[in-house]
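Q: Sequence first, predicted coordinates after that:
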Amino acid sequence: MFRYLLKSVLLLTFTVIIVCVLYPSVVWVIGQVFFPFQANGSLLKGPDGKVVGSKLIAQPFSKDEYFQPRPSAASYDASASAASTYAASNYLLRNRVATALGPIVKYKSGPKAGQLVGSDVETWFQQDKFQGNPHIVAQWADLHNAVAQAWVNADPTHGQYVDAWTKAHADLVAEWIKKNPSTPQPKAADLAVLFFENFSPEHPGMFPSAVTQTGADGKAQTSIQPVKEGSDIQGTFFDMWRQEHADAELQDVPGDLVMASGSGLDPHITLQNAEFQLERVAAKWADDTKKDAADIRKEIDQILQANASAAFGGLAGEKFVNVLEVNLELCKRYGLPK
């Protein structure tokens, strides 16, 4: 009996040493000697020599000088990689795509061919009528409760703005609680529809959005205020505008410009997507550097072509560019954005 037990213990010890010590050590040594860049996370450094991210994981870029990655249902959080799992019938998916399209889509034909539709969306929105009825914002909230609640939860400043409104409209909140006794202490998101129904007639043709101003101390301060133009309006109400302008022929946009990847962390975009963004990026860098826009556009296009590659050495599939790598190349050439 002891003899068999000893053999089992020796076999277990031998297996643990091989699987948990020798094998990982050999793999680690091979990785560090022959593939140090990949083995350490494929980390990329900025112009100052500091690590700015991994070429394998997408990250958001907010400035117009940069190319933007695909949308992310995981908010670019590597620890929460996931898709949105929205069905095609889910309005939240339609809203996310429409919000991305509003500020960037252009007319395909007609007297305004090649022009952005955003300014027309703003003009239409300011008239404050949808399908002949007044108060667009109230109708938007009534039609899409989940989207209105998502707006409140999208940023802490949104919730704070609604909380401030709640204190100033205690009577409306009290009436809402009477109609919803199961929610005696409603949160800001619970009151989203009520808030927009009240906001709309008080501020016709306007929508609450972030506004940055210079304070008395000379520092930039951002707060939520009613506005009548801007990318928030262009994106949020593009779908409603499209419903009333179904005959307008619009240009197609690359699918990966508005659709998230399965992981939400895809670091690449198609070359077609990058070229769609090229005009915006080049115009902003030209403004920053005070150089000719055409020359900057040509230079950045060369950067894109140099960094573009397809699968199997270019033998199959579309060409892609790594967003982080391209944006770092822009910083190396033109410096940091202003």
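A: Structure received. Numbering: from 1, shown residues only.

Q: OK, contacts around Phe196?
A: 137-138, 140-141, 148 (C-beta atoms under 8 Å, 6 or more residues apart in numbering). Heads up, the C-betas are built off the backbone N, CA and C, glycines and all.

Q: If we use 10 Å, what do you get?
A: Residues near Phe196 by C-beta atoms under 10 Å, 6 or more residues apart in numbering: 135, 137-142, 145, 148, 151-152, 162, 207-208.

Q: ok, how many other residues are close to Ser248?
A: Quick fix: residue 248 is Ala, not Ser. Around Ala248 there are 16 other residues, counting by other C-beta atoms under 10 Å.

Q: And Val52, by the same measure?
A: Residues near Val52, counting by other C-beta under 10 Å: 15.

Q: Show me the domain layout of this protein.
A: 31-84+260-338, 86-253 (automatic domain parsing).

Q: what's the closest of the contacts of Phe196 to Thr270?
A: Trp151 (29.9 Å; C-beta to C-beta).

Q: shouldn't the closest one be in contact with Asp232?
A: Yes: if you go by C-beta atoms under 10 Å, Trp151 and Asp232 touch, sitting 9.3 Å apart.

Q: Buried residues in stretch 263-277, which are they?
A: Buried residues in stretch 263-277, counted by 16 or more other C-beta atoms under 10 Å: 263-271, 273-277.

Q: between the residues you listed, which is nearest Thr214?
A: Gln277 (29.4 Å).

Q: Which strand or helix spans Trp165?
A: Counting by DSSP states H and E, the element that carries Trp165 is helix 156-168.

Q: Which residue ranges of the stretch 151-300 of the chain form strands?
A: Using DSSP state E, counting those that start in this stretch, the strands of the stretch 151-300 of the chain run over residues 207-214, 220-227, 268-270.

Q: tell me the angle of the second one relative to strand 207-214?
A: So that's strand 220-227. Angle, strand 220-227 to strand 207-214, by axes from the mean of the first three to the mean of the last three C-alpha atoms, to 10 degrees: 150 degrees.

Q: ok, Gln38 to Ala306 distance?
A: According to C-beta to C-beta, to the nearest Å, Gln38 and Ala306 sit 21 Å apart.

Q: for the one residue sitting closest to the centre of the chain, what are its contacts?
A: In the chain, the centroid-proximal residue (C-alpha atoms, centre = their mean) is Pro71; its distance is 4.6 Å. Pro71 makes contact with 58, 60, 84, 96-97, 99-100, 256-261, 264, 266, according to C-beta under 10 Å, 6+ apart.
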